[in-house]
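Engineer: Predicted model follows, preceded by the sequence.
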Amino acid sequence: MLDAKTASSAEAWAQEEFGHADLGDKRRTRRLTCMAAQAVQCPSGKVSEVFQVDAQRQGAYDFLESSRIDAGAILEALGLASARRCAKEMYVFVAIDGTSLTLTDHNRSKDFGAVGTHGRGTRGLKVVCGLAVNSQGVPCGLTSMQWWAREQKQKENSTKRKLHEKELGNWANVITETSERLAMAAPGCCAWYQLDREADAWQLLLHLSTSGHWFTMRGKANRRIMSETGARRYVFDELARSSARKGSFPLWISAAPGRTERMARMSAHVAAVTLSLRDGWNKRWRALPL
């Protein structure tokens, strides 16, 4: 049994997180906050283990299976609660990354899609979220979440599809929703988006550049940059030649197949460049100063 102080803290958090959710009926919002508080007190991967009282368990099942519950409204409440916790910050890091939910679907009847390699035939959902963290490293909460079922067959000519027609469109939606929620609940706070190599796509780079916020992306492509002479130059090469070194730091590298453990010396270089991004649809080049 948890003490009264812990239970009261869980209830206060649940109210702050979901108490303002618009589910069309105050009783549904009250049920949601009670479920969230109970999940904090008895975390588990199964409904039957979180809710050990028969009435609570049945109420949770009815809530989760109800067609009247709008998951988008719950996520909206979650994102706004996180944004409100960012209101006192000048900026917050917003880490955006994706993962997969592997779910049992032997009969392929649950409208899931493929996850992992196509050869393994694993079924589930793809998920991408934004997590806000303040400058001291304290999480502020999830700012947005998107999930989808991957199509069985990949579409052809991916370079000619618009951003919203690709899986990266879900990443763009996380950026858009996060920016909108910060503007609503924390207008003085700037987001500093952090994205890994998977997000290095020209359409998403342009989307980030119009968000009005900062971003740092781990590059996977040695992208072409514009030069005054018209000569072909590339961003990684430009950084290697850059004299604007900002320092160095040690980084421990753990062992892996084909890699020995060691202490590496990382050096940071900075250069202002203008990327030359090629639009695969109309064959045009677009300039993006970074």
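Structural biologist: Looks like it arrived, so ask away. Here the structure is a predicted model, which is why all the values come from computation and not from measurement. Residues are numbered from 1 along each chain as shown.
Engineer: Go ahead and confirm residue 248 touches residue 267.
Structural biologist: Yes - proximity of residue 248 to residue 267 meets the contact threshold set by C-beta atoms under 8 Å, at 4.4 Å. Where you see a C-beta, it was placed from the backbone N, CA and C, and this is true even at glycine.
Engineer: Closest to the centroid, which residue in the chain?
Structural biologist: By C-alpha atoms, centre = their mean, the chain has its centre lying nearest to residue 129, at 2.5 Å.
Engineer: helix, strand or coil for it?
Structural biologist: Using DSSP: H, G, I helix; E, B strand; the rest coil, the structure places residue 129 in strand.
Engineer: same thing with residue 205?
Structural biologist: Residue 205 ends up helix, using three-state DSSP.
Engineer: which non-adjacent residue is nearest it?
Structural biologist: In this structure, residue 205 finds its nearest non-sequential neighbour in residue 288, 6.1 Å apart by C-beta to C-beta, 6 or more residues apart in numbering.
Engineer: did I read that right, that neighbour in a helix?
Structural biologist: No - under the criterion used here (three-state DSSP), residue 288 is strand, not part of a helix.
Engineer: packing partners for the helix or strand bottoming out on mean pLDDT in the chain?
Structural biologist: When the helices and strands of the chain are scored by mean pLDDT, DSSP states H and E, strand 113-114 comes last with a mean of 82. Applying 3 or more C-beta pairs under 8 Å, 6 or more residues apart in numbering; DSSP states H and E, one finds that strand 113-114 makes contact with strand 123-133.
Engineer: Now do the SS call for the spatially closest residue to residue 200 that is not a sequence neighbour.
Structural biologist: Nearest residue to residue 200 in three dimensions, chain neighbours excluded: residue 220, at 4.6 Å (C-beta to C-beta, 6+ apart). At residue 220, secondary structure determined by three-state DSSP is coil.
Engineer: Residue 220 contacts residue 202, correct?
Structural biologist: No - with contact defined as C-beta under 8 Å, residue 220 does not count as touching residue 202 (11.9 Å).
Engineer: Looking at these two, which one has more neighbours?
Structural biologist: Shown here are residue 220 and residue 202; by other C-beta atoms under 10 Å, residue 202 has more neighbours (20 against 12).
Engineer: What pLDDT is listed against that one?
Structural biologist: For residue 202, the model assigns a pLDDT of 91.
Engineer: Same check on residue 212?
Structural biologist: 94.
Engineer: hmm, who's touching the least confident helix or strand of the chain?
Structural biologist: Strand 113-114 is contacted by residues 121-126, 148-152 when judged by C-beta atoms under 8 Å, 6 or more residues apart in numbering.
Engineer: Recalculate using a threshold of 7 Å.
Structural biologist: For strand 113-114, contacts defined as C-beta atoms under 7 Å, 6 or more residues apart in numbering pick out 122-123, 149-152.
Engineer: Nothing else from me, thank you.
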